[in-house]
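S.K.: Build me a model from this:
(one chain, ligands or ions: 1)
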Amino acid sequence: MADEPKGTPAETDRILTNRQGHPITNNQSQRTVGSRGPATLENYHFLEKITHFDRERIPERVVHARGFVCYGEFEATGKIGDEPASKYTRAKLFQEAGKKTPLAIRFSTVIGGRDSSEVARDPRGFAVKFYTEDGNWDLVGNNLAVFFIRDAIKFPDVIHSLKPDPVTFRQEPNRIFDFMSQTPESMHMLTHLFSPRGIPASYRHMEGFGVNTYKMVNAQGDTVLVKYHFHPRQGIASLTQAEAEKVQGKDFGSASKDLFTAIERGDYPQWDMFVQIMEDHEHPELDWDPLDDTKIWPEKDFPLRHVGTMTLNRNVEDFFNENEQIAMGTGVLVDGLDFSDDKMLVGRTFSYSDTQRYRVGTNYLQLPVNQAKGAKVATNLSGGQMSYQRDLAPGQNPHVNYEPSIHNGLRESPRDQPNNPPEITGRLTRSVLERRNDYVQARGRFCTMMDWEREDLIANMGDLLMECERDVQERMVWHFLMVHDAYGTGVGEKLGISPADVAQLGPLPGQVLTDDDQRRLQNLG
Ligand code: HEM
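M.R.: Numbering: from 1, shown residues only. The predicted structure is shown next:
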């Protein structure tokens, strides 16, 4: 024992047992009849070990399969910009300057499987679970401010196009751009994704965005529309395609490693959190819809307002328990924060807990990483696979797992605080948002790029489009010309397609063009 490193438990404390608590005396050999004879079935330890191993994996996430979790805290300023936070929200975590809320964060890539490269050209997930005193708040965002589509019904299609081909199991550019070429609202996201910002150098050096539009509610029940932003204090750093290929040649897990080692050496990454705020109505003065997640809210019109700082300072102890089993979703909000009618958000809100009941299991919220640590939990949910505790309140009659009851069961909380969003009326319909304006913000983004950034965008886009069939290439060039002449001409040159070659294509079936789009279309010829 004299050689034991300081602080290590005594040898007797490190005795291997099975999960029944029985000490294991032989972990090297199964029980057999004689040293060369058949194995016996009553070997409990062997069976526990091998059958547990057989079940070591749960299904990987259908998207964002590769990711990395760590922990930290959010410190509020007590304000939203220069104004008291209470003016816009009654959510407790924002109210007081210096108030700290513990959190877990999971960064991820989207399309690759659980062991795929962390320097793929792919959006990055930026999903934060705040363990607030009012229960958990999950803000499930990405590193890019916009998304490919604006209606949740299209999500399985966009993801199928980006995921490997169901026959060849290879990510096929022709399938991706086949879908995107029929989806004009994706041009803005694609312009971000193929720009030099499309491959973050690490998780520490990227921004985070809530992407979808949410609401805040104050004590009077007044609501505003909100977008969330995180800015890394470490700065933003990205890789070119060539740099990424070099990294990937050596290491598929470069971003997880960078984050893990930074935290281990005490170099805690930090992000400032901001919100943009808009009055809660349709904003007919805008040529885009505030509920459209393919659009940003220009910062000159909707300034960023600082609300606090996030610091990451602790690594996980076990990848599986804390990364594979963490479960976040857009439905997980606290009082003072609310949904908007963003048609992506409603679909997401159903999808996350649905997939988690399947992927992790019915009782996924009983797992430590998912528990509402900051708040009391008392429910009448009962049973289900892997249930290991009742959510009983102190002094609750354990026989009463229903409500209402006069025999000391759980009672409803006092009625909700006021919430007075604008009233909505309308005929039941399946329709698209009217103000689509699919090219204007992609153009804005293209115009703010420096020359080298445009060249990089065009080269990245051209390289992948070269693997596509001619009809797909032509339609993509047509869209890029609708965004900006130099964009369409540049990508077209790489593919041997001139504006005259695509002039006759005309709009997609059902595509509504703005007056400005119509003018651009006429100039194509
Ligand atoms: C993960 C659905 C759009 C960010 C997931 C998962 C599903 C899903 C099923 C796997 C969750 C799990 O297994 O735990 C959807 C649907 C969408 C949508 C149906 C559109 C209708 C978006 C958008 C963003 C986003 C717009 C960005 C703001 C994420 C992130 C994760 C994720 C960050 C990983 C969460 C984690 O780290 O555990 N999504 N998603 N998703 N999604 Fe979405």
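S.K.: pLDDT value on whichever residue of the chain sits closest to the ligand, please?
M.R.: Here the chain gets closest to the ligand at one residue, residue 125, 2.7 Å apart by Cβ to the nearest ligand atom. Bear in mind the C-beta positions are built from the backbone N, C-alpha and C, glycine included. pLDDT, residue 125: 98.
S.K.: isn't there a strand covering it?
M.R.: Yes - with DSSP: H, G, I helix; E, B strand; the rest coil as the criterion, residue 125 is part of a strand.
S.K.: That one against residue 140, yeah?
M.R.: Yes - contact status for residue 125 versus residue 140: in contact at 7.5 Å, counting by Cβ atoms under 8 Å.
S.K.: Mind listing the shared neighbours of these two?
M.R.: Common contacts of residue 125 and residue 140 (Cβ atoms under 8 Å, 6 or more residues apart in numbering): none found.
S.K.: tell me which parts of this protein are close to the ligand?
M.R.: By the rule Cβ under 6 Å from any ligand atom, the part of the chain lying against the ligand is 61-64, 67, 106, 108, 125, 127, 140-142, 147, 152, 155, 211, 293, 326-328, 344, 347-348, 351-352, 355-356, 359.
S.K.: Name only those of the residues you listed that count as buried.
M.R.: 61, 63-64, 67, 106, 108, 125, 127, 140-142, 147, 152, 155, 211, 293, 326-328, 344, 347-348, 351-352, 355-356, 359 (16 or more other Cβ atoms under 10 Å).
S.K.: now, which of those lie within helices?
M.R.: The helices, defined by DSSP state H, take in 155, 344, 347, 348, 351, 352, 355, 356, 359 from these.
S.K.: thinking again about what came up before, report the contact partners of the residue of the chain closest to the ligand.
M.R.: Here residue 125 is in contact with 64, 67, 106, 107, 108, 109, 110, 140, 141, 142, 143 (Cβ under 8 Å, 6+ apart).
S.K.: between these, which is closest to residue 439?
M.R.: residue 142 (21.6 Å; Cβ to Cβ).
S.K.: Tell me which residues touch the nearest residue to the closest one once chain neighbours are set aside, please.
M.R.: Nearest residue to residue 142, sequence neighbours excluded (Cβ to Cβ, 6 or more residues apart in numbering): residue 123, at 4.8 Å. Residues near residue 123 by Cβ under 8 Å, 6+ apart: 109, 110, 142, 143, 144, 193.
S.K.: Could you give me the ChimeraX syntax to select whichever of those residues are buried?
M.R.: Entered in ChimeraX, the line below selects the buried ones among the contacts of residue 123, by 16+ other Cβ under 10 Å:
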select :109,110,142,143,144,193
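S.K.: Would you mind giving the contacts of residue 123 as JSON lines with pLDDT added?
M.R.: Listed next are the contacts of residue 123 as JSON lines, based on pLDDT from 0 to 100:
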{"residue": "109", "pLDDT": "98"}
{"residue": "110", "pLDDT": "98"}
{"residue": "142", "pLDDT": "98"}
{"residue": "143", "pLDDT": "98"}
{"residue": "144", "pLDDT": "98"}
{"residue": "193", "pLDDT": "98"}
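S.K.: Take the contacts of residue 123 and keep only those in strands.
M.R.: Counting by DSSP state E, those place 109, 142 in strands.
S.K.: quick one, strands of this protein?
M.R.: Using DSSP E, strands in the chain cover 67-76, 79-80, 83-84, 100-109, 124-132, 135-142, 208-209, 214-217, 223-232, 270-279, 305-315, 337-339.
S.K.: Rebuild the ones you listed as a markdown table, extending it with distance to residue 254.
M.R.: Formatted as a markdown table, those follow (distance: least, Cβ to Cβ, whole Å):
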| stretch | distance to residue 254 |
| --- | --- |
| strand 67-76 | 11 |
| strand 79-80 | 36 |
| strand 83-84 | 41 |
| strand 100-109 | 11 |
| strand 124-132 | 13 |
| strand 135-142 | 19 |
| strand 208-209 | 19 |
| strand 214-217 | 32 |
| strand 223-232 | 17 |
| strand 270-279 | 20 |
| strand 305-315 | 16 |
| strand 337-339 | 34 |
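S.K.: right, and the ones you listed - which one's nearest residue 405?
M.R.: Using Cβ to Cβ, these put strand 135-142 closest to residue 405, at 23.3 Å.
S.K.: Show me the shaky parts of this structure.
M.R.: For the chain, the stretches flagged by pLDDT under 70 are 1-9, 525.
S.K.: how about a cut-off of 50?
M.R.: 1-4 (pLDDT under 50).
S.K.: Tell me where it has helices.
M.R.: Counting by DSSP H, residue ranges of the helices within the chain are 44-54, 155-162, 173-181, 187-193, 241-250, 254-264, 319, 343-359, 440-448, 451-465, 470-483, 485-495, 499-502, 515-524.
S.K.: what's next to the first one, contact-wise?
M.R.: What it means is helix 44-54. Taking Cβ under 8 Å, 6+ apart as the rule, helix 44-54 contacts 18, 19, 20, 22, 24, 27, 30, 31, 39, 41.
S.K.: tell me which residues of it are tucked away?
M.R.: 45, 46.
S.K.: One more: the last one?
M.R.: Under the neighbour-count criterion of 16+ other Cβ under 10 Å, helix 515-524 has 517, 520, 521, 524 buried.
S.K.: Run a quick neighbour tally on the residue nearest to residue 464 when sequence neighbours are not counted.
M.R.: Once flanking residues are discounted, residue 464 sits nearest to residue 173: 4.5 Å by Cβ to Cβ, 6+ apart. The local packing count at residue 173 equals 17, with neighbours defined by other Cβ atoms under 10 Å.
S.K.: mind listing what residue 173 touches?
M.R.: Residue 173 sits in contact with 464, 465, 467, 468, where contact means Cβ under 8 Å, 6+ apart.
S.K.: Could you double-check that the first one lies in contact with residue 180?
M.R.: Right, residue 464. No - using Cβ under 8 Å, residue 464 makes no contact with residue 180, being 10.5 Å away.
S.K.: So if I had to pick from those two, which one is more boxed in?
M.R.: residue 180 (23 against 17).
S.K.: Does the more buried one touch residue 149 like I think?
M.R.: No - with contacts counted by Cβ under 8 Å, residue 180 stays clear of residue 149, the gap being 10.0 Å.
S.K.: overlap in contacts of those two?
M.R.: residue 186.
S.K.: how far does stretch 114-125 stretch from start to finish?
M.R.: 14 Å (Cα to Cα, to the nearest Å).
S.K.: typo on my end, stretch 71-90
M.R.: 25 Å.
S.K.: Buried residues in it, which are they?
M.R.: For stretch 71-90, by 16+ other Cβ under 10 Å, it's 71-81, 85-90.
S.K.: Could you do stretch 268-279 as well?
M.R.: Result for stretch 268-279 [16+ other Cβ under 10 Å]: buried residues 268, 269, 270, 271, 272, 273, 274, 275, 276, 277, 278.
S.K.: What lies in contact with it?
M.R.: 72, 74, 80, 88, 204, 208, 216, 224-234, 259, 262-263, 290, 297, 299, 302-313.
S.K.: Can I get the buried ones among those residues as something I can paste into ChimeraX?
M.R.: Buried residues among those (16+ other Cβ under 10 Å), as a ChimeraX selection:
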select :72,74,80,88,204,208,216,224,225,226,227,228,229,230,231,232,259,262,263,290,297,302,304,305,306,307,308,309,310,312
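S.K.: is residue 142 in a bridge, and if so with what?
M.R.: residue 125, residue 209 (DSSP bridges).
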